[in-house]
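Student: how would this look folded up:
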Amino acid sequence: MTFRTDKTCHMSAIYTSEQIATYMPHRYPFRLVDRVTSLTPWKAVTAYKNVTVNEEFFLGHFPERPVMPGVLILEAMAQAALLMLVISFREHASECPEGVSLSRTESGIFYLASCDKVKFRRPVTPGDRLDLAAELTRPGGNAWKVRAEATVDGNKAAEAQILAAL
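Tutor: Numbers count the residues shown, from 1 in each chain. Predicted structure coming up:
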């Protein structure tokens, strides 16, 4: 995924697992982002999830051939997008896109509202690093649209258009 950047945006520091916990309500076993590797406020984020054999979902999906469930890959992409939005709101409010009201975002909690054009391209298995990328395509008041992608070793694993709602 190629992200557009302009000179007015800047890349933020890496966010560790501990820092991520301060921005999102998800906790083990449902937090699916281990680290944010880059973030351009109000524009884009890259992050990753280390997929280990110890993941609870591998016990039943599938014991003979462990595969990360597609719905969890989609959730990981949505969580990366959520982090971009929440960090932008909390740390970069002064750079908010024109016409967007910050008063509606006091809770800081976004919900997954819809997913369109979801495609799964390859299985994700234990030992993979699931690289996540999301780009804001439409800022909004109640609803924010992002384009997201998950890759493993540079090969696309999944893609989707995600709508996040306050």
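Student: so who does Leu82 touch?
Tutor: Shown in contact with Leu82 (Cβ atoms under 8 Å, 6 or more residues apart in numbering): Met24, Phe110, Ala164. Heads up, the C-betas are built off the backbone N, CA and C, glycines and all.
Student: scan these and report the most crowded one.
Tutor: Ala164 (23 neighbours; other Cβ atoms under 10 Å).
Student: so who does it touch?
Tutor: Ala78, Ala81, Leu82, Leu85, Phe110, Tyr111, Leu112, Ala113, Ala143, Trp144, Lys145, Val146.
Student: kindly recompute the last result at 6 Å.
Tutor: Counting by Cβ atoms under 6 Å, 6 or more residues apart in numbering, Ala164 touches Phe110, Trp144.
Student: what about it, which SS state?
Tutor: strand (DSSP: H, G, I helix; E, B strand; the rest coil).
Student: next, the buried residues of the longest helix seen in the chain.
Tutor: Counting by DSSP state H, the longest helix found in the chain is helix 70-91. Of all the residues in helix 70-91, those buried under the rule 16 or more other Cβ atoms under 10 Å are 70, 72-89.
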